[in-house]
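>>> Predicted model and sequence follow; I will ask about them next.
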Amino acid sequence: MKYVVVIGDGMADWKVDSLGRRTPLEAASKPHADFMAKNGVCGLAQIVSKDMYPGSDVSNISILGYDPKEYYTGRSPLEAASIGVDISPTDVAVRCNIVTIEGAIPAGTMVDYSAGHISTEESRRLLTILNAATASLGVEFFPGVSYRNLMVWRNGRESVTTVPPHDIMGKPIRDFLPSGEGSEVLVEIMKKSMEVFSNQTPEAPLTGGKKNSATSVWLWGQGKAPKMPPFEEKFGVAGSIIAAVDLIRGIGIYLGMDIVEVPGATGYIDTNFEGKGKYCLQELEKKDFVLVHVEAPDEAGHNGDAADKVKAIEDIDRHIIGPILERAKGKGDLRVLFLPDHPTPVAIRTHSNEPVPFVMYPKLKNSRDFSAARYTEDEARKTGYFVERGFDLMPIFLGLKS
């Protein structure tokens with residue numbers, strides 16, 4: 001048997017007025033996912049325990065079958081692995097967003113966690129200049145993809161408290177700046193970046209018709225390198241990961257998986273959906289497990305754009321779920337799992353921690369009837385199938401646990 005997991009990041013949601021009091025999953029036309037619900041297994045899973053923040057780092061580790069309370073050490077060490085940055089046992093990796101802040105630090109307001117989805121080339125240019133300006137502070141910046149970059153803090157403090165910038169959109173930043181031991185270093189760097197960028201930023205890229213310039217970096221998600229057993233050693237199947245964002249690719253590297261490059265994969269609504277489906281099918285000829293991650297629904301949620309979220313779900317269904325489902329129906333040796341890692345409700349533009357709907361096809365051997373009329377939050381709830389610990393879902397999907 002072969003296995004494919006498709007993650008629509010942040011796909012679950014609440015009822016949206018502009019969608020006629022429906023969720024994006026309810027409003028989207030997605031015949032392939034609905035077929036899976038009618039003919040497979042549908043239910044809810046609490047991917048992240050309620051006492052943890054439902055970040056994509058924690059939730060994707062959990063989906064892959066690893067208990068975040070045992071293995072999670074922070075977001076940025078995972079991204080460092082993807083970028084190819086080695087961190088020593090005393091280094092702390094820190095996520096570095098390039099953002100738009102209106103006003104100065106600490107009195108300003110967070111306008112855009114992505115600086116208008118700044119280009120990778122422009123991020124690289126700005127971080128090169130910032131490296132020169134902050135060399136004496138014991139830090140080094142490494143470019144990633146678009147606004148998602150990395151800072152390595154030599155002999156840093158991992159216990160400092162930080163806040164993701166996408167959680168404070170439109171809010172004054174004063175109460176959300178880094179705090180605790182060592183925080184003064186991070187705040188100083190953020191202030192320095194604002195000074196440096198103010199002299200360097202050209203015309204910013206466009207997002208939603210607005211210009212959001214790169215005004216500074218925002219530092220968060222710090223941590224030291226984790227130790228996780230390889231996926232093949234834990235579950236007995238060798239795997240690959242298809243993802244545009246460094247976080248998911250880094251998780252795959254730590255788990256000993258191959259990373260598949262897909263041309264045109266952007267981590268945004270304009271990503272190459274068709275390419276991800278095509279490359280997944282190609283990878284199945286070599287591997288028994290492939291995880292396909294799509295960031296687009298989460299970005300739409302953070303932007304508060306319900307229409308874009310519906311479009312992203314429909315594109316996933318048409319270009320990724322559809323071809324994979326045809327492969328599953330044809331050869332009969334493929335099981336598919338489709339789910340979000342967490343809700344990103346457009347009403348609040350950040351993550352929430354309710355259980356998420358999942359769907360598997362075909363049905364599990366000796367499973368009760370957990371089929372549903374459609375793949376939606378409400379229909380999944382009606383089946384009564386609930387996986388209380390998210391990291392139990394993977395062994396269930398692989399047939400290693402009932």
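Sure thing, it's come through. None of the values given here were measured: they were computed from a predicted structure. Numbering: from 1, shown residues only.
>>> Chain neighbours aside, what residue packs nearest to residue 308?
The spatially closest residue to residue 308, leaving aside those adjacent along the chain, is residue 300, at 3.8 Å (C-beta to C-beta, 6 or more residues apart in numbering). All C-beta spots, glycine's among them, are computed from the backbone N, C-alpha and C.
>>> didn't the one you found look like it was pressed against residue 315?
No. With the criterion set as C-beta atoms under 8 Å, residue 300 and residue 315 do not qualify as a contacting pair; they are 11.1 Å apart.
>>> ranges for the helices of the stretch 101-250 of the chain?
With DSSP state H, counting those that start in this stretch as the definition, the stretch 101-250 of the chain shows helices at residue ranges 120-134, 183-198, 231-235, 246-254.
>>> List the buried residues for the third one?
To tie it back to what came earlier, the one meant is helix 231-235. Of all the residues in helix 231-235, those buried under the rule 16 or more other C-beta atoms under 10 Å are 231-232, 234-235.
>>> Residues in contact with it: which ones?
Surrounding helix 231-235, the residues in contact under the criterion C-beta atoms under 8 Å, 6 or more residues apart in numbering are 64-66, 237-239, 255-257, 289, 394-395, 398, 400.
>>> What's the PyMOL line that selects buried ones from these?
If you want just the buried ones from the contacts of helix 231-235 in PyMOL, going by 16+ other C-beta under 10 Å, the selection is:
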select buried, resi 64+65+66+239+255+257+289+394+398
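>>> if you look at the contacts of helix 231-235, which of them are in helices?
With helices identified by DSSP state H, the entries of the contacts of helix 231-235 that belong to them are 394-395.
>>> Among the contacts of helix 231-235, which ones are in strands?
The members of the contacts of helix 231-235 that map onto strands under DSSP state E are 239, 289.
>>> what's the closest of the contacts of helix 231-235 to residue 224?
For the contacts of helix 231-235, the residue nearest residue 224 by C-beta to C-beta is residue 66; the value is 16.7 Å.
>>> shouldn't the closest one be in contact with residue 393?
No. Taking C-beta under 8 Å as the definition, residue 66 is not a contact partner of residue 393, at 11.5 Å.
>>> The stretch 1-150 of the chain: strands as residue ranges?
Ranges of strands within the stretch 1-150 of the chain are 2-8, 41-45, 92-102, 109-112, 139-145, 148-153, based on DSSP state E, counting those that start in this stretch.
>>> which one of the ones you listed lies closest to residue 199?
For residue 199, the closest of the strands of the stretch 1-150 of the chain is strand 92-102, at 15.3 Å, according to C-beta to C-beta.
>>> What strands flank the closest one, and is each parallel or antiparallel?
When pairing is defined by DSSP bridges, strand 92-102 lines up against strand 109-112 (antiparallel), strand 148-153 (antiparallel), strand 216-223 (antiparallel).
>>> can you list those in TSV and add mean neighbour count and mean pLDDT?
Formatted as TSV, the strands paired with strand 92-102 follow (neighbours: other C-beta atoms under 10 Å; pLDDT from 0 to 100):
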stretch	mean neighbour count	mean pLDDT
strand 109-112	22	96
strand 148-153	25	95
strand 216-223	26	96
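>>> Of all those strands, which one comes closest to residue 361?
With C-beta to C-beta as the criterion, residue 361 lies closest to strand 148-153 of the strands paired with strand 92-102, at 32.3 Å.
>>> Contacts for the closest one, please.
Counting by C-beta under 8 Å, 6+ apart, 76, 79-80, 83, 85, 87, 91-98, 123, 127, 138-144, 185, 189, 217, 219, 222, 245-247, 267 sit against strand 148-153.
>>> Going by distance to residue 344, which of the contacts of helix 231-235 wins?
So of the contacts of helix 231-235, ranked by how close each gets to residue 344 (C-beta to C-beta), first place is residue 64, at 19.5 Å.
>>> helix/strand/coil for residue 354?
Secondary structure of residue 354, reduced to three states by DSSP: H, G, I helix; E, B strand; the rest coil: coil.
>>> list the contacts for residue 94?
Shown in contact with residue 94 (C-beta under 8 Å, 6+ apart): 76, 150-153, 156, 162, 186, 219-222.
>>> for residue 47, same thing?
Residues near residue 47 by C-beta under 8 Å, 6+ apart: 54, 59, 62-63, 339, 341-342, 355-356, 390, 393.
>>> re the thing from before, residue 334 is nearest to which of the strands of the stretch 1-150 of the chain?
It is, among those and with distance given as C-beta to C-beta, strand 2-8, at 4.8 Å.
>>> pLDDT averaged over that closest one - what is it?
The average pLDDT for strand 2-8 rounds to 98.
>>> Show me how far that strand is from its chain's centre.
With C-alpha atoms, centre = their mean, to the nearest Å as the basis, strand 2-8 stands 15 Å off its chain's centre.
>>> what do you get for stretch 192-203?
A distance of 28 Å separates the centroid of the chain from that of stretch 192-203, by C-alpha atoms, centre = their mean.
>>> State the mean pLDDT of it.
The predicted model assigns stretch 192-203 a mean pLDDT of 82.
>>> cool, and stretch 166-183?
This predicted structure assigns stretch 166-183 an average pLDDT of 95.
>>> Need the contact partners of it.
Outside of stretch 166-183, the residues that reach it under the criterion C-beta under 8 Å, 6+ apart are 101, 105-113, 156-157, 159-163, 186-187, 190, 219-220, 302, 349-351.
>>> Any buried residues in that stretch, and which?
166-169, 173, 176-178, 182-183.
>>> so how far does that stretch reach from one end to the other?
Across stretch 166-183, the terminal residues are separated by 20 Å (C-alpha to C-alpha, to the nearest Å).
>>> Then stretch 333-350?
The stretch stretch 333-350 measures 38 Å between its terminal residues, going by C-alpha to C-alpha.
>>> What is the host helix or strand of the residue nearest to residue 308 packed up against?
Assessed by DSSP states H and E, residue 300 sits inside helix 296-302. With contacts defined as 3 or more C-beta pairs under 8 Å, 6 or more residues apart in numbering; DSSP states H and E, the packing partners of helix 296-302 are helix 306-316.
>>> ok, then the element right after the helix it packs on?
Note on helix 306-316: by DSSP H and E, the next helix or strand toward the C-terminus is helix 322-331.
>>> can you pull the alpha-carbon coordinates of that following helix into CSV?
Coordinates of each C-alpha in helix 322-331 appear next as CSV, following Å, rounded to 0.1, in the frame of the first residue of the first chain:
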residue,chain,number,x,y,z
GLY,A,322,-8.6,14.9,-8.3
PRO,A,323,-5.5,13.3,-10.1
ILE,A,324,-4.4,11.6,-6.9
LEU,A,325,-7.9,10.2,-6.3
GLU,A,326,-8.0,8.8,-9.9
ARG,A,327,-4.7,7.0,-9.2
ALA,A,328,-6.3,5.6,-5.9
LYS,A,329,-9.4,4.4,-7.8
GLY,A,330,-7.4,2.9,-10.6
LYS,A,331,-4.7,0.8,-9.0
